[in-house]
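**Q** Give me coordinates for this.
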Amino acid sequence: MLAQQRQATILERVRAAGGVRVSELATEFGVSDMTIRRDLESLHERGLLAKVHGGATVAGPGSTDEPGFRAKSVRQPAEKAAIADRAAQLVRPGAAIALSAGTTTAELARRLLDVPGLTVVTNSLPVAEIMHAGGRPDQTVVLTGGVRTPSDALVGPLAVQAVRSLHLDLLFLGVHGISERAGFTTPNLMEADTDRALVASADRLVVLADHSKWGTVGISSIVELSAAHALVSDEGLSSEARRVLGERVGELVMVTATGTPTNRGAAE
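**A** The predicted structure is shown next:
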């Protein structure tokens, strides 16, 4: 069994039982205790479980927990509105942009209904519905297609194939979590693939994420922090988060709940 396969099985055991012992896993897989400890260390470093003496336990909520769109939409609404207000200022008439799935990107979509000549590519059903309801004849909305996730994203091979042939000016990316170690993450493996395809198709990446995303780690990394040309967040970010992000992303843009921006970190 390859190390990756063994680690995936270990992770399943932890989630099913709540914890595992090194000695039991070594016997089950026919490997040494040291090999299992290395597996646990690898999973721990990725934020997927918590190491304890003699074994490992569940890391806590986050790695594969994927709340539905409605559940997420009631979290930090003022912050998301302020972030969307600031992000909308980055959109120019006639641009070809992409909006990934997410409640903050949906807020942004509402603010783009009056921008003339936009082409909006999205894998988000709510975003597509918002843009379609706007009914502006000089706007074009492209929905990728794909398999629907609990958060109303369309993901998978069909979505990736649709995105790969496109050339976009700007991508607004919503994320599940942000950490210094794992970068920008999602709890859905196929969504990570789709998001990476969107990133590759765009000239510029702007991540939209409120302060609650800091320290949360989804099971799959999308891109590292340095891939973001800009990150728009709110004043709830801790000083440590601001320090790390200010060093890693191209530009850290902070907003208050009233939407007044404060720029921190290095500009492009």
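**Q** can you confirm Leu166 is in a helix?
**A** No. Under the criterion used here (DSSP: H, G, I helix; E, B strand; the rest coil), Leu166 is coil, not part of a helix.
**Q** Quick one: mean pLDDT for the helix or strand hosting Ile178?
**A** With elements taken from DSSP states H and E, the one containing Ile178 is strand 177-179. Averaging the model's pLDDT scores along strand 177-179 yields 92.
**Q** Beyond it, next helix or strand please.
**A** Reading on from strand 177-179 to the C-terminus, the next helix or strand found by DSSP H and E is strand 183-186.
**Q** Other residues contacting that following strand?
**A** Outside of strand 183-186, the residues within contact range by CB atoms under 8 Å, 6 or more residues apart in numbering are 173, 175-179, 192, 195, 207, 209, 216-225, 227-228. All C-beta atoms are positioned from the backbone trio N, CA, C, and that covers glycine.
**Q** buried set for it?
**A** Counting neighbours by 16 or more other CB atoms under 10 Å, one finds that the buried residues in strand 183-186 are 183-186.
**Q** can I get those in a markdown table with distance to Thr27 and pLDDT?
**A** Supplementary listing: the buried residues of strand 183-186 in a markdown table, determined by distance: CB to CB, whole Å; pLDDT from 0 to 100:
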| residue | distance to Thr27 | pLDDT |
| --- | --- | --- |
| Gly183 | 36 | 95 |
| Phe184 | 38 | 96 |
| Thr185 | 33 | 93 |
| Thr186 | 34 | 91 |
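**Q** Pick the one among these closest to Thr103.
**A** Proximity of the buried residues of strand 183-186 to Thr103, judged by CB to CB, is greatest for Thr186, which lies at 13.8 Å.
**Q** Now tell me what touches the longest helix belonging to the chain from outside.
**A** Ranked by number of residues, the top helix in the chain under DSSP state H is helix 3-17. Helix 3-17 is contacted from outside by 1, 20, 25, 29, 31, 36, 39-40, 42-43, 48-49, 56-58, 64, using CB under 8 Å, 6+ apart.
**Q** Dump that helix to CSV, keeping only the CA atoms.
**A** Listed in CSV are the C-alpha atoms of helix 3-17, where the atom choice follows Å, rounded to 0.1, in the frame of the first residue of the first chain:
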residue,chain,number,x,y,z
ALA,A,3,1.8,6.0,1.8
GLN,A,4,-0.9,8.2,0.4
GLN,A,5,-3.4,5.3,0.4
ARG,A,6,-2.4,4.3,3.9
GLN,A,7,-2.8,7.9,5.2
ALA,A,8,-6.3,8.2,3.6
THR,A,9,-7.3,5.0,5.3
ILE,A,10,-5.9,6.2,8.6
LEU,A,11,-7.9,9.4,8.3
GLU,A,12,-11.1,7.4,7.6
ARG,A,13,-10.4,5.4,10.8
VAL,A,14,-9.9,8.6,12.9
ARG,A,15,-13.1,10.1,11.6
ALA,A,16,-15.1,6.9,12.2
ALA,A,17,-13.8,6.1,15.6
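**Q** What ranges does the stretch 101-250 of the chain have for its strands?
**A** Counting by DSSP state E, counting those that start in this stretch, residue ranges of the strands within the stretch 101-250 of the chain are 119-122, 140-143, 147-148, 154-155, 170-174, 177-179, 183-186, 205-208, 220-223, 230-234.
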